[in-house]
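In: here's my sequence, what's the structure:
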Amino acid sequence: QVQLVESGGGLVQPGGSLRLSCAASGNIGSRNGMGWYRQAPGKQRELVAAIIGGTTTNYGDSVKGRFTISRDSAKNMVYLQMNNLQPEDTAVYYCNAGRGLLGRVVTTGMDYWGKGTLVTVSS
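Out: Have a look, this model is predicted:
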């Protein structure tokens, strides 16, 4: 069983930065994807960034050039560095283990979620 715990959310002004962290317990395996998703009020959950292994990544169009996902497999951690945050980035951010680069379930049963961390971008 895999458990995921996110941290690092909070209130930030437009143009500011935050770094989210996700601590994973259990065996994920470096070949399985990890990713960040977000859900804003009244909207569907969307892919923010995903990573497979240590270097293969994919980003949602709205965050390309501003957000960076990274992974430390030895520590079972995944991070999301968010720069130049904008009000439209306000959402609950969720960590996922198991989905592929495009956000789809790859292996039945390998689809784990954290409880989320709130990011609010406001002046």
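In: chain neighbours aside, what residue packs nearest to residue 106?
Out: residue 100 (4.6 Å; Cβ to Cβ, 6 or more residues apart in numbering). (Each C-beta comes from the backbone N, C-alpha and C, glycine too.)
In: and the strands in the chain?
Out: Listed in chain order, the strands found in the chain under DSSP state E are 3-7, 10-12, 18-25, 34-39, 46-52, 56-59, 67-72, 77-82, 91-97, 112-113, 117-121.
In: what's the spacing between the fifth one and its chain's center?
Out: Looking back up the chat, that one is strand 46-52. 6 Å (Cα atoms, centre = their mean, to the nearest Å).
In: quick one: contacts for the nearest residue to residue 56 once chain neighbours are set aside?
Out: Leaving aside its sequence neighbours, residue 56 sits nearest to residue 101 (Cβ to Cβ, 6+ apart; 6.8 Å). With contact taken as Cβ atoms under 8 Å, 6 or more residues apart in numbering, residue 101 is in contact with 33, 50, 51, 52, 56, 57, 58.
In: counting neighbours, which of these comes out on top?
Out: Of all the contacts of residue 101, the highest neighbour tally under other Cβ atoms under 10 Å goes to residue 33, namely 29 neighbours.
In: that one reaches residue 98, doesn't it?
Out: Yes: at 6.6 Å, residue 33 counts as touching residue 98 under the criterion of Cβ atoms under 8 Å.
In: who's in contact with residue 11?
Out: Residues near residue 11 by Cβ under 8 Å, 6+ apart: 120, 121, 122.
In: so how far is residue 121 from the residue lying closest to the first one once chain neighbours are set aside?
Out: For residue 120, the nearest residue in space outside its immediate sequence neighbours is residue 11; the separation is 4.7 Å by Cβ to Cβ, 6+ apart. Distance, residue 11 to residue 121, by Cβ to Cβ, to the nearest Å: 8 Å.
In: if I look at the spatially most central residue of the chain, how far off is residue 123?
Out: When the chain is reduced to its mean C-alpha position, the closest residue under Cα atoms, centre = their mean turns out to be residue 36, at 1.7 Å. Distance from residue 36 to residue 123, counting by Cβ to Cβ: 24 Å.
In: that'll do, ta.
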